[in-house]
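J.: got a sequence here, can you model it:
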Amino acid sequence: MVDIEGIILDLDGTIYRGNTPLTFAGEFVNKVKQKGIRILFLTNNSQRTTLYYSRKLKKMGIDASEDEILTSAKATALYIKEHYENPWVFPIGEDGLLTELIKHNIHVTFDWRMSSMLVVGYDTNITYKKLKDAALLLENGGIFIACNPDKSLPTEEGNIPGNGAQLAFLKEATGREPYIIGKPHMPIVKEALSILNTTTEKTLIVGDRYETDILTGFRAGMKTALVLTGATKKNDIHNRRRPDFTVQNLEELWKRLSK
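T.: Below you'll find the model as predicted:
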């Protein structure tokens with residue numbers, strides 16, 4: 001067995017696509033846990049709560065408690081709580097982000113004039129007014145934080161616009177760059193390793209997206225496994241640094257880890 005104590009598992013495109021579990025996902029999680037290896041499910045999607053993901057995985061037959069799930073929304077709230085004293089946050093996002101901000105006793109306002117910080121997460125109810133107010137806040141010196149940089153999201157229909165598309169609008173409008181919490185940036189990695197209680201050298205990150213999941217592993221010094229069940233295809237990594245494992249699915253990964 002490869003010398004690892006913890007595995008960070010991406011969700012969208014790795015464990016499932018939409019509401020459909022991917023090949024061997026449940027079996028992979030069970031076999032890893034039976035070996036005594038700790039698992040953390042890590043998603044850049046800030047749209048949903050940890051409770052939502054726990055219930056979704058359990059419906060697919062995958063045992064996952066809320067404590068085993070880290071979203072970019074939760075990581076963002078934890079980062080704000082640690083680094084800022086009583087900020088007033090103007091949020092763009094959905095239940096996942098709002099729930100985490102409130103859970104961590106962070107002040108939330110929908111009036112940009114009362115806010116000192118803009119936090120942008122994935123929002124399927126985005127409007128021009130939200131973007132306009134966010135731009136005005138940034139023009140007036142507001143702190144700019146983003147849950148994740150994902151340009152697109154994998155669904156059963158195909159790839160759809162993600163949080164990065166919203167950020168692109170604001171960056172073009174204001175010339176401001178956000179401080180990003182989610183993969184492939186280090187704030188979310190720091191929190192993930194703290195939850196797993198592992199070192200980077202003994203942690204494997206598994207995901208379907210080279211520019212987030214695999215790049216996260218490279219930057220942090222973790223072992224990396226790219227599964228070809230989501231965004232990145234084999235030809236996409238031609239002439240790029242190769243992950244430690246490139247596999248068709250989680251079943252192939254398990255076989256290779258078990259050698």
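
J.: which regions of the stretch 151-259 of the chain lie under the pLDDT threshold?
T.: Applying pLDDT under 70 to the stretch 151-259 of the chain flags residues 154-156.

J.: tell me which residues touch residue 28, please.
T.: Residue 28 makes contacts with 250-251, 253-254, as judged by Cβ atoms under 8 Å, 6 or more residues apart in numbering. (Each C-beta comes from the backbone N, C-alpha and C, glycine too.)

J.: A strand includes residue 184, no?
T.: No. Residue 184: not assigned to a strand; according to DSSP: H, G, I helix; E, B strand; the rest coil it is coil.

J.: picking up where we left off before, and the two most separated of the contacts of residue 28?
T.: Across the contacts of residue 28, no pair lies farther apart than 251 and 253, at 7.2 Å, counting by Cβ to Cβ.

J.: looking at these two, which is more packed in?
T.: Using other Cβ atoms under 10 Å, the more surrounded residue of residue 251 and residue 253 is residue 253, with 22 against 16.

J.: so where do the helices sit in the stretch 151-259 of the chain?
T.: 163-174, 186-196, 215-220, 250-257 (DSSP state H, counting those that start in this stretch).

J.: what's the spacing between the spatially most central residue of the chain and residue 202?
T.: In the chain, the centroid-proximal residue (Cα atoms, centre = their mean) is residue 44; its distance is 1.7 Å. In this view, residue 44 and residue 202 are 23 Å apart by Cβ to Cβ, to the nearest Å.

J.: any idea which of the contacts of residue 28 is closest to residue 234?
T.: The closest of the contacts of residue 28, once distances to residue 234 are taken by Cβ to Cβ, is residue 253, at 14.6 Å.

J.: give me every residue that touches the closest one.
T.: 28, 206, 225, 227, 245, 247.

J.: re earlier: CSV for the contacts of residue 28, including distance to residue 9?
T.: Formatted as CSV, these follow (distance: Cβ to Cβ, whole Å):
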residue, distance to residue 9
250, 9
251, 14
253, 10
254, 12
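
J.: out of these, who's nearest residue 120?
T.: Distances from residue 120 to the contacts of residue 28, taken by Cβ to Cβ, are shortest for residue 250, at 31.5 Å.

J.: how near is that closest one to residue 96?
T.: 25 Å.

J.: next one: residue 175
T.: 28 Å.

J.: was I right about residue 12 contacting residue 45?
T.: Yes. With contact defined as Cβ atoms under 8 Å, residue 12 counts as touching residue 45 (6.3 Å).

J.: hey, what's in contact with both of these two?
T.: Each of residue 153 lies in contact with both residue 12 and residue 45 under the rule Cβ under 8 Å, 6+ apart.

J.: ok, residue 181 - contacts?
T.: Taking Cβ under 8 Å, 6+ apart as the test, what residue 181 contacts is 72, 75-76, 79, 145-148, 187-188.

J.: from these, which land in helices?
T.: Per DSSP state H, helices hold the following members of the contacts of residue 181: 72, 75-76, 79, 187-188.

J.: circling back to that earlier point, got JSON lines for the contacts of residue 253, with distance to residue 58 too?
T.: JSON lines is the format used below for the contacts of residue 253 (distance: Cβ to Cβ, whole Å):
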{"residue": "28", "distance to residue 58": "16"}
{"residue": "206", "distance to residue 58": "20"}
{"residue": "225", "distance to residue 58": "24"}
{"residue": "227", "distance to residue 58": "22"}
{"residue": "245", "distance to residue 58": "27"}
{"residue": "247", "distance to residue 58": "25"}
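
J.: max pairwise distance over these: which two?
T.: Farthest pair in the contacts of residue 253, by Cβ to Cβ: 28 and 245, 12.8 Å.
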